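Undergrad: Fold the following.
(one chain, ligands or ions: 1)
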Amino acid sequence: MKIEEIAKLMVAKGRGILAADESTGTMGKRLKSVNIESNEKNRLHFRETLFTSSAMKSSISGVILYDETIKQSSSQGIPIPELIKKNGSIPGIKVDKGVKLLAGSSGEKITEGLDGLKDRMDEYYKLGARFAKWRAVYSISSNQPSEQCIKANAHALARYAAIVQEAKMVPIVEPEVLMDGDHTIDKCYEVTSKVLIECFKELKINNVKLEGTVLKPNMILPGSSCKKKANTDEIAKKTLDCLKKTMPKEVPGVAFLSGGQSEVEATKNLNAINKINDTNFNFTFSYGRALQQSALKTWSKSMEDTKNIQKVFDHRAKMNSASTEGKWEEKFEKNFAA
Ligand code: 13P
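TA: Okay, the predicted model is just below:
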């Protein structure tokens, strides 16, 4: 399949992406939060439970995997990428090597992982991956993000995207403006706009085909400790407006990260964006925490109760699926009992 076709499938209405690509360190934190030991067996067990749920076919277009998981096989001996394909979804892979201190900056971060990336992409292609992910992070404070941080990360994202496309895969370009801090929603709008403009400038310089690219941005939200909260309508309007002003029309769509929003908040906000969407872009989800939190809790209480864990995950995935079409309603959450 051509990368343009894969990108379209990844953001098609009614479905979205499951970000199950937590590094071993991050997954360790998630498991610790529910008092479960982080070992290879447990990490695989939880993920396999999600990958075999019925929502995979109906609501999940793609799954982002971590290096460990893409090389594992299920309890039935099926390689994980094959299991995902069998269940109706596209396997993808996180390829960045995490964030490091950006030299010359005052504590800002740069994402690493470009060295040897072409060889790694060829290996991942053989393992079945058809798209990749690279995440850059930007903190907001009085003097951050700096121009240096915005430029360095945009350049790395664009070089990554060009390499991924040469390996015949779709790059998910993820510039995440973090929610931490007390900044206002307008500050988030201003910073996200600058970050996105620079990213698209670099993607163009590096000859990245935008039709074969998926953008994974943050929504426009006030900082998590900002006193002035924003309502759903304001979040939706500002998010849509920011993307309309910064995204070239060739990009098929957006798959938002959840970035620390609660499960229901992330669903509600995406639903509101889709209700007012007057563009040709598709807006869907690529959630990690906002898709897995309740399922993880349920799993930690009774790891072998596959039916109940999958019921919880299926519900969340279906709620998000409805939100991609602006058809989610609050009452769907109240009627659901795990
Ligand atoms: P969250 O939805 O938990 O923010 O994770 C998405 C992701 O892939 C971060 O890189």
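
Undergrad: quick one: the helices in the stretch 201-338 of the chain?
TA: Secondary structure of the stretch 201-338 of the chain (DSSP state H, counting those that start in this stretch): helices located at 232-246, 263-275, 289-301, 306-323, 330-334.

Undergrad: quick one: stretch 110-124 to chain centroid distance?
TA: In terms of CA atoms, centre = their mean, to the nearest Å, the centre of stretch 110-124 is set 19 Å apart from its chain centre.

Undergrad: For burial, what's the neighbour tally of the nearest residue to Lys71 once chain neighbours are set aside?
TA: With CB to CB, 6 or more residues apart in numbering as the criterion, Lys71 has its nearest non-adjacent residue at 7.0 Å, and that residue is Leu127. For every residue, glycine as well, the C-beta is placed using N, CA and C. Applying other CB atoms under 10 Å, we find 17 other residues in the vicinity of Leu127.

Undergrad: OK, contacts around Leu127?
TA: Going by CB atoms under 8 Å, 6 or more residues apart in numbering, Leu127 touches Ile70, Lys71, Pro79, Pro81, Pro91, Ile93.

Undergrad: Which of those ranks first by neighbour count?
TA: Top of the contacts of Leu127 by neighbour count (other CB under 10 Å): Ile93, with 27 neighbours.

Undergrad: can you confirm that one is in a strand?
TA: Yes. According to DSSP: H, G, I helix; E, B strand; the rest coil, Ile93 belongs to a strand.

Undergrad: Now do the same contact list for the one residue in the stretch 51-200 of the chain that gets nearest to the ligand.
TA: Residue nearest to the ligand within the stretch 51-200 of the chain: Arg135 (4.2 Å; CB to the nearest ligand atom). By CB under 8 Å, 6+ apart, the residues touching Arg135 are Lys94, Asp96, Thr111, Glu174, Glu176, Lys216.

Undergrad: Tell me who's in contact with the closest residue to the ligand within the stretch 1-150 of the chain.
TA: The minimum distance from the stretch 1-150 of the chain to the ligand, using CB to the nearest ligand atom, falls at Ala19 (3.4 Å). Ala19 is in contact with Ile64, Lys133, Leu257, Ser286, Tyr287, Gly288, Leu291, counting by CB under 8 Å, 6+ apart.

Undergrad: hey, what's it bridged with?
TA: Assessed by DSSP bridges, Ala19 has beta-bridge partners Ile64.
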